[in-house]
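Undergrad: Below is the sequence, then the predicted model.
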Amino acid sequence: MAVGAIPSKATKTRRFVNLAKIGFFALLLVSSVFADQLTKTLTDIYCMLSDIIPIMAFTLMVLAGVAYGIGNFFGAEVRAKANAWAMSCITGAIIALLIIVFSNVLIDNLIGTGYKPSCT
């Protein structure tokens, strides 16, 4: 290829495939070297989330009830905003609980079968 010439689409594709092969090989090498550290880190993250998220979800539920209750003492505009805040709090709590439920499955798929986190 001449200097300054625009590379063809096939050349670009070939370069991308070669770069992807190198990246995949590097990822495979790194993952095999740091597999134990990855398992420990993911377990620590899971344990931290399983401690914090239920408390946050309960707090969001309580805030939703408080916002809904206080909103009913005021006019229609404030009541509508309070209802929206309450629904947002409840949605956040449900999503947080779903995260904690499915994070064990996700980590199990990332690490391999037989993953049992020990949060002590």
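TA: Cool, got the structure.
Undergrad: how much space between the most centrally placed residue in the chain and Met87?
TA: Nearest to the centroid of the C-alpha atoms of the chain, with distances taken as CA atoms, centre = their mean, sits Ile99, at 7.5 Å. Remark: distance between Ile99 and Met87 (CB to CB, to the nearest Å) = 19 Å. Yep, even glycine has a C-beta here, placed from its N, CA and C like the rest.
Undergrad: Could you do Lys12 as well?
TA: 49 Å.
Undergrad: pull the helix or strand with minimum mean pLDDT from this structure.
TA: Scoring the helices and strands of the chain by mean pLDDT, DSSP states H and E places helix 9-33 at the bottom, with a mean of 79.
Undergrad: Any regions of this structure where pLDDT drops low?
TA: The chain contains residues with pLDDT under 70 at 1-7, 9, 31-33, 35, 113-115, 120.
Undergrad: contacting residues for Ile70?
TA: Taking CB atoms under 8 Å, 6 or more residues apart in numbering as the criterion, Ile70 is in contact with Ala82.
Undergrad: which helices and strands sit right next to the helix or strand harbouring Asn83?
TA: Assessed by DSSP states H and E, Asn83 sits inside helix 76-111. Under the contact definition 3 or more CB pairs under 8 Å, 6 or more residues apart in numbering; DSSP states H and E, helix 76-111 sits against helix 35-71.
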